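> Generate coordinates for the sequence data below:
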Amino acid sequence: MTETTGTRPRRDKWNATRLPGLGGRTAVITGANSGLGFATARALAGVGAHVVLAVRDVARGAAAAARVGGSTEVRRLDLADLDSVREFAAGWDRPLDLLINNAGVMMLPEQRTKQGFEMQFGTNHLGHFALTNLLLPRVTGRVVTVSSGLHRGGVIRFDDVNLTGRYSPSRAYAQSKLANLLFTLELQRRLTEAGSPVRSLAAHPGYAATNLQSHTASPLVRAVMAVAAKLVAQDGEAGALPTLFAATQDLPAAAYVGPDGLGEMRGAPTLVGRSAAASDPEAARRLWTLSEELTGVEWGLGTPVG
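Coordinates of the predicted model:
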């Protein structure tokens, strides 16, 4: 369907009103009590999915679930604690149609997870790596991992992913978001090799105004982001559209979805490109091996992969 503006036809933009019905489907969304995760949860519940809000704070999660409406449940999950990840996965005993690796932390002062990993790499990548592999035997549909356009500035420091002695909030964040895309790539390769119908995809929200930016380390960066949010950013509902598109549309395996506007900052969801570093299959395999060593969690389907 097209709409005519002057003499030039314009194709309708995809939005949440075009989501398919998801009655009978189950989705787990990490970090679903606020921001992009909350918007994603509300949209999926609105079309009939049973949505599991996987959150650190169960009380806040319950309050969010009440606002989401529809069919929901709340389960505790702290991605910065691999014991919590294992506990969540051990308690999951039914098919899972959709896993959305949404939760994340952004440009924090230097901190460590419970197991001693740099907080952004440990939460954004290692926590989701472990969760995905532990749940994978139950996953029947898709795994969607949320990355960022800032992955383009990322470098995986394989010799020291904790960035010991060279930490900066932006460097650590970019590394973690690059790791998200390399994880998506290698996960899909392994799924294909195993003959699994499950698809691995990634999405990024563009510049979305959420509470994530309020936790950055620098007061100056927070101030700049606050101004930019008013001038440039789209709201959480718009920022969630690439994730919803990746979760429900017929897309190529390992596809990456982001906004179609200038600089991929805002707009309707579309397939977008990734950096050369994020497309490197050897780096993706190397990161996978390192992630198995760091987390103690191996390939979830248990089939040897070359």
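
> Apart from its neighbours in sequence, what residue is nearest the residue nearest to the spatial centre of the chain?
The C-alpha lying nearest the average C-alpha coordinate of the chain belongs to Val146 (CA atoms, centre = their mean; 2.3 Å). Nearest residue to Val146 in three dimensions, chain neighbours excluded: Asn102, at 4.9 Å (CB to CB, 6 or more residues apart in numbering). C-betas here are computed from N, CA, C, even on glycine.

> got a list of what the one you found touches?
Remark: with contacts taken as CB atoms under 8 Å, 6 or more residues apart in numbering, Asn102 is in contact with Ile29, Thr30, Gly31, Ala32, Leu36, Gly37, Thr40, Val146, Thr243.

> With Ile156 instead?
Contact partners of Ile156, counting by CB under 8 Å, 6+ apart, are Gln175, Leu178, Ala179, Leu182, Ala277, Ala283, Leu287.

> for this protein, what spans make up the helices?
Counting by DSSP state H, one finds helices in the chain at the ranges 35-46, 58-68, 82-90, 119-120, 128-135, 169-193, 219-231, 236-239, 241-248, 281-295.

> Now tell me which of the ones you listed the model trusts least on average.
Of all the helices of the chain, mean pLDDT reaches its minimum on helix 219-231 (a mean of 49).

> that older thread, ok, and which of the helices of the chain has the densest surroundings?
Among the helices of the chain, helix 241-248 has the highest mean neighbour count (mean count of other CB atoms under 10 Å), at a mean of 28.

> what sits up against that helix?
With CB under 8 Å, 6+ apart, helix 241-248 has contacts from 14-16, 19-20, 22, 27, 36, 40, 43-44, 98, 100, 102, 142, 144, 146, 201-206, 251, 255, 257-259, 268-269.

> Grab the nearest non-local neighbour of Asn162.
Distance criterion CB to CB, 6+ apart; nearest residue to Asn162, sequence neighbours excluded, is Glu118 at 4.3 Å.

> what's the answer for Gly239, then?
In space, Gly239 comes closest to Ala208 once its chain neighbours are excluded; the distance is 2.7 Å by CB to CB, 6+ apart.

> In contact with that neighbour, which residues?
Gly35, Leu36, Ala233, Gln234, Asp235, Gly236, Ala238, Gly239, Ala240.

> Mind doing that once more with 7 Å?
Residues counted as contacts of Ala208 (CB atoms under 7 Å, 6 or more residues apart in numbering) are Leu36, Ala233, Gln234, Gly236, Ala238, Gly239.

> Nearest to Asp81 among those residues?
Within the contacts of Ala208, proximity to Asp81 (CB to CB) peaks at Leu36, which comes in at 21.9 Å.
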